[in-house]
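> Please find the sequence and the predicted model below.
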Amino acid sequence: MNDGDLLINVENVTLRFGGVVSLRDVSLAMRRGEILAVIGPNGAGKTSLFNSITGVYQPQEGTITFASNRAPLLSVIGKKTHRIAQAGVSRTFQASRLFSALTVFENVKIGAEDHGGIGLAGSLVKGPRTRKGERASDRVAAELLNFVDLYHEANTIASQLSYGARRRLEIARALATGPEVILLDEPAAGTNPSEKLELTSLIRRVRDERGVSVLLIEHDMKLVMALAERIYVLNFGSIIAEGTPEEIRVNPAVIDAYLGTATEETSA
């Protein structure tokens, strides 16, 4: 891999909480323009890795860099979450972070306004710059709701959406910040089979049509194998395998640690 291909580079990262090691000497390299997945059992350290990449957690050892097209190479560790987001990193969460009492349109518009620098003070003082920014955020919100097939629900209160629709709304709101990479933390959790198919298609379109790289945590192996071009496997905070879906599917260490268990549970 050429250095110019690197978008996110995690090198020898260790994250501790007191005497508990959540990540142990983890290294991961993400290419620009790819769909990359991180899998592993519950408690393997997947969300801790996401939180380290986005500045929520500060690892004690190692380095994490993000090669934004809009700014110099960013060393992530020690940076505030908003600084990392401004550089072009966006994410969704396992648990919904939607504004449940606001409409679908308002949820996406808030993301666009934050990216446009309007902020709360600007929204209260309706000067010319604010009005221009609001028109721009309205256009972005409408475009993204069309993209995720939710424009017909624009005036619906977010809490009234189906679970699958909420997941699509979360992706639209994350895209409203204009990211270069989006981190999806179990986007298919709680969805039914038809919603999973819709999400699979949408995530692929995020990369193919909007040019946004995708880093994905997901337990649904059918979805992972259908989407990911490469997969890293975490177990007890350490990387135990990396490769294509075909390579991961037949890797003995992965089968023992994760896929074998998942298969047994499915057949039980």
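That came through fine. Residues are numbered from 1 along each chain as shown.
> Excluding chain neighbours, what is closest to Ala154?
Distances taken as CB to CB, 6 or more residues apart in numbering place Phe105 nearest to Ala154, at 4.1 Å, with adjacent residues excluded. For the C-beta atoms, the positions are set from N, CA and C on the backbone; glycine is no exception.
> so which strand or helix has that neighbour?
Assigned by DSSP states H and E, Phe105 belongs to helix 104-116.
> Can you give the distance of that helix from its chain's centre?
In terms of CA atoms, centre = their mean, to the nearest Å, the centre of helix 104-116 is found 17 Å from the chain centre.
> Next: stretch 202-217.
So, by CA atoms, centre = their mean, the centroid of stretch 202-217 is 10 Å from its chain's centroid.
> same question, stretch 203-219
8 Å.
> Ok, stretch 80-88 next?
The answer for stretch 80-88 is 14 Å, by CA atoms, centre = their mean.
> With just CA atoms, put that stretch into PDB.
Extracted in PDB, the C-alpha atoms of stretch 80-88 (Å, rounded to 0.1, in the frame of the first residue of the first chain):
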ATOM      1  CA  LYS A  80     -10.800  17.200  20.500                       C
ATOM      2  CA  THR A  81     -13.600  15.300  18.800                       C
ATOM      3  CA  HIS A  82     -14.900  18.400  17.000                       C
ATOM      4  CA  ARG A  83     -11.400  19.000  15.500                       C
ATOM      5  CA  ILE A  84     -11.400  15.400  14.100                       C
ATOM      6  CA  ALA A  85     -14.900  15.800  12.800                       C
ATOM      7  CA  GLN A  86     -13.900  19.100  11.000                       C
ATOM      8  CA  ALA A  87     -11.100  17.300   9.400                       C
ATOM      9  CA  GLY A  88     -13.600  14.900   7.700                       C
END
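> How is the closest residue to Asn192 other than its chain neighbours classified with respect to secondary structure?
Distance criterion CB to CB, 6+ apart; nearest residue to Asn192, sequence neighbours excluded, is Gly164 at 6.9 Å. Following DSSP: H, G, I helix; E, B strand; the rest coil, the label given to Gly164 is helix.
> ok, Gly164 touching Leu197?
No. Taking contacts as CB atoms under 8 Å, Gly164 lies outside contact range of Leu197: 9.7 Å.
> So for these two, which sits in the more crowded spot?
Gly164 (20 against 16; other CB atoms under 10 Å).
> quick check, Thr14 in a strand?
Yes. With three-state DSSP as the criterion, Thr14 is part of a strand.
> give me the number of residues near the residue nearest to Ser100 when sequence neighbours are not counted?
Distances taken as CB to CB, 6+ apart place Ser159 nearest to Ser100, at 3.9 Å, with adjacent residues excluded. When counting by other CB under 10 Å, one arrives at 12 neighbours for Ser159.
> what do you get for Asn69?
Asn69, neighbours per other CB under 10 Å, totals 9.
> which residues does the residue lying closest to Ser96 once chain neighbours are set aside contact?
Spatial nearest neighbour of Ser96, excluding adjacent residues (CB to CB, 6+ apart): Arg166 at 5.8 Å. Arg166 makes contact with 96, 98, 158 under the criterion CB atoms under 8 Å, 6 or more residues apart in numbering.
> Out of those residues, which one has the lowest pLDDT?
The member of those with the lowest pLDDT is Ser96, at 81.
> what about that one, how many residues close to it?
Neighbours of Ser96 using other CB under 10 Å come to 18.
> Tell me the spacing between it and Pro72.
Distance, Ser96 to Pro72, by CB to CB, to the nearest Å: 34 Å.
> list the contacts for Glu229?
So Glu229 contacts 34-36, 244 (CB under 8 Å, 6+ apart).
> let me fix that: Leu223
By CB under 8 Å, 6+ apart, the residues touching Leu223 are 188, 196, 199-200.
> Same list (those) but as JSON lines, adding pLDDT and distance to Leu175.
Formatted as JSON lines, the contacts of Leu223 follow (pLDDT from 0 to 100; distance: CB to CB, whole Å):
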{"residue": "Ala188", "pLDDT": "93", "distance to Leu175": "17"}
{"residue": "Lys196", "pLDDT": "95", "distance to Leu175": "20"}
{"residue": "Leu199", "pLDDT": "96", "distance to Leu175": "14"}
{"residue": "Thr200", "pLDDT": "96", "distance to Leu175": "17"}
